[in-house]
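A.B. asks: no sequence on hand, only this structure:
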């Protein structure tokens, strides 16, 4: 390095605060949607998101240094949601909702949002069985896309992959669902 080149400067306090604020503004709605979908309690979900923001702020420099900060936040969010489920169980003696309720709601949302793209899907039992036969990654992409209406770019950030990979995984999942449900191929609307 010669005298005219400057060494990269570490983020200043003000720049860190600004980047943290912008990051939270961009992702807070998605975090809250996911927390609400998992906890079925808006007040508890808001507390989870507030705690996520607090923890992110405490270690923002390290999170920002990660290759995919959104994926790090997503992992932390999932941990906090799991902690909130345990907390709810301790407080009430029951889980927020049963896994069967979650599956039924997910399937209902999926059927409603995917109808245009997939056509007639049949009964919910058939859809539930087809969703179970997807890979874990395919199921995650389909749920984030249809239950929470995430854009491909957001899903890619959260799953620490590329948007192209998410689109490919999504379209593979849709083809598999069509095949499993006996739905004819149609021109994709995306």
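C.D. replies: Perfect, I can see it now. What you are looking at is a predicted structure, and each value in this text was computed from that prediction instead of being measured.
A.B. asks: what stretches of this structure score poorly on pLDDT?
C.D. replies: 1-12, 95-124, 184-190 (pLDDT under 70).
A.B. asks: ranges for the helices of it?
C.D. replies: Using DSSP state H, the helices found in the chain span residues 13-39, 42-58, 60-65, 69-92, 99-118, 124-132, 136-146, 152-159, 163-181.
A.B. asks: of all the ones you listed, which gets the most neighbours per residue?
C.D. replies: Of all these, helix 152-159 has the most neighbours on average by mean count of other CB atoms under 10 Å, namely a mean of 21. Every residue, glycine included, has its C-beta placed from N, CA and C.
A.B. asks: distance from the chain centre to that helix, please.
C.D. replies: 8 Å (CA atoms, centre = their mean, to the nearest Å).
A.B. asks: over to stretch 51-70?
C.D. replies: Centre to centre, stretch against its chain (CA atoms, centre = their mean), the figure for stretch 51-70 is 17 Å.
A.B. asks: one more: stretch 62-71?
C.D. replies: On CA atoms, centre = their mean, the centre of stretch 62-71 falls 16 Å from that of its chain.
A.B. asks: what comes into contact with it?
C.D. replies: Outside stretch 62-71, the residues within contact range by CB atoms under 8 Å, 6 or more residues apart in numbering are 11, 16, 19-20, 23, 27, 56, 72-73, 154, 157-160.
A.B. asks: show me the contacts for the most centrally placed residue in the chain.
C.D. replies: The residue lying closest to the centre of the chain (CA atoms, centre = their mean) is residue 144, at 5.1 Å. Neighbour list for residue 144: 150, 154-155, 158 [criterion: CB under 8 Å, 6+ apart].
A.B. asks: same thing but 7 Å
C.D. replies: Applying CB atoms under 7 Å, 6 or more residues apart in numbering to residue 144 gives the contacts 150, 155.
A.B. asks: and the gap between it and residue 52?
C.D. replies: 17 Å (CB to CB, to the nearest Å).
A.B. asks: can you check residue 81 too?
C.D. replies: 9 Å.
A.B. asks: same question for residue 180.
C.D. replies: Taking CB to CB, one finds residue 180 at 36 Å from residue 52.
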